[in-house]
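# Output the structure for:
(one chain, ligands or ions: 1)
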Amino acid sequence: MCSMGFQHFLLPSKLVGRDRTAVCRAVFDPAKPKGEVLLRRVVPQEVMEVADLRSRVFGGPDSEINRRRNIYNAITNRIATGSVACFVAVSRPSNVIVGSVDATLYNDKGNLVKYSNAFISKERKVIYISSMAVDLSHRKQGVGQSLLRTVVNLATEVVAEEILLHVERDNVAAQSLYTSAGFENLIITPSMEWLNFGIPEHEEPRRLHLNG
Ligand SMILES: CC(C)(COP(=O)(O)OP(=O)(O)OC[C@H]1O[C@@H](n2cnc3c(N)ncnc32)[C@H](O)[C@@H]1OP(=O)(O)O)[C@@H](O)C(=O)NCCC(=O)NCCS
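From the prediction side, this is the model:
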């Protein structure tokens, strides 16, 4: 799964040498999700619940209480940048948060772009997905796919050209989710080595082209 360590990186260099010929479109099953699940941006009073969810889903070496606090602080700080949209999937009618994902907006220089400035910015933009998490009780019901679709919609709104994400080599469920949505491996060229983030245990990022 995506390590929590990815949450604080900045894209360190220019997006250069990209192969823009291979266009791939998101393919989503409109029949999903099967249960009644509402997708929307998180509100501040829900951040602790999202931290709980991510703590459960991703685990980690810290004690649970520290982990939840660190995740809570990370989410709060990230949202405060104005460049990170945190989406939640809320099960109805219980109103329990059963999934979440973050979508961070960058320009082609690797700098954060505020969503509020996205429309006036003429720069090329990409969205980076992180912390995709669905509660065990709601897996395989289309929640992950719906969260992805929400990010794709956001990318379309802010005219981002691509969506990038990392997924670990052995995370079959996540790889299958992303592949079925049209994500493909980057073709790594020397000019794109920065996309490996110097973390050899991870595969190269997947990307989804949103337009030609
Ligand atoms: C990966 C994850 C987000 C998928 O969420 P989900 O809501 O269960 O996914 P969906 O129900 O939307 O599944 C969509 C597609 O993904 C694939 N998929 C999902 N779970 C799968 C599994 N356990 N095994 C194989 N394929 C799987 C399937 O192709 C599925 O389509 P199908 O149901 O028509 O076969 C969820 O398993 C999870 O939270 N895992 C732990 C955290 C994690 O690894 N996050 C990703 C970090 S990169």
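# Just give me the neighbour total for V43.
Other residues near V43 come to 9 when the count uses other CB atoms under 10 Å. The C-beta positions use only the backbone N, C-alpha and C, and glycine is treated the same way.
# So what does it have for phi and psi?
Summarising the backbone geometry of V43 under the convention degrees, to the nearest 10, its torsions are phi -110, psi 150.
# got it, and E123?
Backbone dihedrals for E123, given as degrees, to the nearest 10, come out at phi -70, psi 160.
# my read: A85 touches L154, true?
Yes. With contact taken as CB atoms under 8 Å, A85 and L154 are classed as touching, separated by 6.1 Å.
# can you list residues touching both of the two?
Residues within reach of A85 and of L154 at once, by CB atoms under 8 Å, 6 or more residues apart in numbering, are A103.
# Show me what from this protein comes close to the ligand.
When proximity is defined as CB under 6 Å from any ligand atom, the chain approaches the ligand at 1-2, 57, 132-134, 139-145, 167, 171-174, 176-177, 180.
# now what about the helix ranked longest in the chain, what contacts it?
When every helix of the chain is counted residue by residue (DSSP state H), the longest turns out to be helix 64-80. Counting contacts by CB under 8 Å, 6+ apart, the residues outside helix 64-80 that touch it are 4, 7-8, 42, 44, 47-48, 50-52, 54-55, 59-60, 62, 84, 86, 102, 104.
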